[in-house]
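S.K.: Below are the sequence and a predicted model for it; my questions follow.
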Amino acid sequence: TGYVTLDRGYKNTGATKSAITFLDGEEGILQYRGYAIEDLAAKASFLEVAYLLIYGELPTKEQYAVFETAIRRHTLVNEDMRKIFDGFPVKAHPMGVLSSLVSAMSAFYSDIEGSSEEDKTDLHIIRLLAKLPTIATWSYKRSLGHPMNYPKNQLDYIPNFLNMMFSLPVEDYKIDPVVVEALNVLLILHADHEQNCSTSTVRLVGSSQANIYSSISAGISALWGPLHGGANQEVIEMLEAIRADGGDVSKYVDMAKNAKTTGFRLFGFGHRVYKNFDPRAKIIKKAADDVLSKLGVNDPVLEIAKGLEEAALHDDYFISRKLYPNVDFYSGIIYRALGIPTNMFTVMFAIGRLPGWIAQWKEMREQKEPIGRPRQIYTGATLREFTPLSKR
Ligand code: CMC
């Protein structure tokens, strides 16, 4: 069957050419369409970055206005989707709900009569960007047993999300610019990361010419895993466990050094590509200090996180394997300070990553990538004779 090169986990296999995101893991460099992540996080809005990733250039004022207005107009989710939503158990994890409902969007928004293929894709893109925050906040409200909030389209993207998350029938949520700015930075830093597990999933599913909703729903499922986006929830749970255990970080560093026997890894540490500081983690660590002090929040796990980082970075095990804090290490501490509950952290990652998934799906289609179909090296039985059931 020909010669197959085995590369478990695709550690050295390039699956595509891409013009979206540049990543240099040795130097710790990350750029979207040639713009430094540090610059974008400091100066751009999340929707500008979304436009940049998806369409390749920063929008002009006019392009931005059209894009943003379209998103505002599509934030409502088809009311019939609530019937599906109401069938979920109250305690359902919001990531499971999110991937299911995005998959369901392919049934609700599949066809747009009379429009060209390109117009359809643009409308699907707008719908995804507009509706994902609405769906995300539904699952949170449901977990509280609270009534859902509808979007208020006079609000900008992030304030609209915050309003749906936190407003109560008895009291409107007061939008705090510190919170909005912090979320803007976090969403931008999560917006794309080239061919990571969830993005490769989106491209692979899409390569069979499955529709964009199904492809992105698959990406959300991939993101949920604790080795990928699910790590941000695991980090906070780990830091809480260390705190409850008396705060001895060296004990946990020792456990992680023996990961092979203990099965314990330091969540938020290590990365497939970065063998140097994750540039996103650098920005997020600084933002955690800023945001907590501006909001007057004193979270004891921040000190534990810093202590753990310090201890790990001075340990030969971590030094020799080039394991550094990654994007998930400090992000949860900020989310928590903003009032976002732990089981919503990975949902926040999904909202941030959505433009990247969309951009990668679109590029995959435009480049007319062939169907993704890895090979294997077969290790099973050789040809055997069949024994009928009566004789087994
Ligand atoms: N704690 C302890 N040891 C680790 C860790 C860790 N967090 N990460 C890697 N190692 C060790 C691993 O045991 C292996 O050791 P050895 O050489 O003795 O066999 C070595 O470092 C290389 O690790 P690997 O598992 O071969 O590396 P990988 O590229 O396959 O995995 C990773 C990358 C991110 C899955 C892994 O570092 C990990 O499990 N980290 C914890 C989970 C996490 O924080 N994930 C978030 C990733 S960043 C953003 C995102 O995708 O959400």
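M.R.: Structure received.
S.K.: What values do phi and psi take at the closest residue to the ligand within the stretch 201-350 of the chain?
M.R.: Closest contact between the stretch 201-350 of the chain and the ligand, by CB to the nearest ligand atom, is at Gly270 (2.4 Å). Where you see a C-beta, it was placed from the backbone N, CA and C, and this is true even at glycine. Dihedral pair for Gly270: phi 90, psi 150, per degrees, to the nearest 10.
S.K.: so what's it scoring on pLDDT?
M.R.: Predicted confidence (pLDDT) for Gly270: 94.
S.K.: Please apply the same query to the one 10 residues further on.
M.R.: Arg280 carries a pLDDT score of 96 in this model.
S.K.: That one: neighbouring residues, count only.
M.R.: Applying other CB atoms under 10 Å, we find 27 residues neighbouring Arg280.
S.K.: same check, this time on the one 10 residues further on
M.R.: Residues lying near Asp290 (other CB under 10 Å) number 14.
S.K.: quick one on the thing from earlier: apart from its chain neighbours, what residue comes closest to the residue of the stretch 201-350 of the chain closest to the ligand?
M.R.: Leaving out its chain neighbours, the residue that sits closest to Gly270 by CB to CB, 6 or more residues apart in numbering is Leu323, at 4.3 Å.
S.K.: neighbours around that neighbour, how many?
M.R.: 20.
S.K.: Next, the contact list for it, please.
M.R.: Leu266, Phe269, Gly270, Ala312, Tyr317 (CB atoms under 8 Å, 6 or more residues apart in numbering).
S.K.: In three-state terms, how would it be classified?
M.R.: coil (DSSP: H, G, I helix; E, B strand; the rest coil).
S.K.: do Thr5 as well
M.R.: Taking three-state DSSP, the label given to Thr5 is coil.
S.K.: got the contact list for Ala36?
M.R.: Contacts of Ala36 (CB under 8 Å, 6+ apart): Ile29, Leu30.
S.K.: do the same with Gly230
M.R.: Gly230 touches Met95, Leu223, Trp224, Thr346, counting by CB under 8 Å, 6+ apart.
S.K.: what's the closest of the residues you listed to Ile37?
M.R.: Taking CB to CB as the measure, Leu223 is the one of the contacts of Gly230 closest to Ile37, at 19.0 Å.
S.K.: and the gap between the closest one and Ala244?
M.R.: 28 Å (CB to CB, to the nearest Å).
S.K.: wait, doesn't the residue of the stretch 201-350 of the chain closest to the ligand sit right on Arg321?
M.R.: Yes: judged on CB atoms under 8 Å, Gly270 makes contact with Arg321 at a distance of 7.4 Å.
S.K.: Look at those two and report which has more neighbours.
M.R.: Gly270 (22 against 13).
S.K.: what sits against that one?
M.R.: Arg321, Leu323, Tyr324, Asn326.
S.K.: near the ligand, which of those residues show up?
M.R.: Arg321, Leu323, Asn326 (CB under 6 Å from any ligand atom).
S.K.: For the residue nearest to Gly270, grab phi and psi.
M.R.: phi -100, psi 120.
S.K.: Report all helices and strands that the helix or strand Phe67 falls within contacts.
M.R.: Using DSSP states H and E, Phe67 falls within helix 61-73. Where contact means 3 or more CB pairs under 8 Å, 6 or more residues apart in numbering; DSSP states H and E, helix 61-73 is packed against helix 46-55, helix 117-144.
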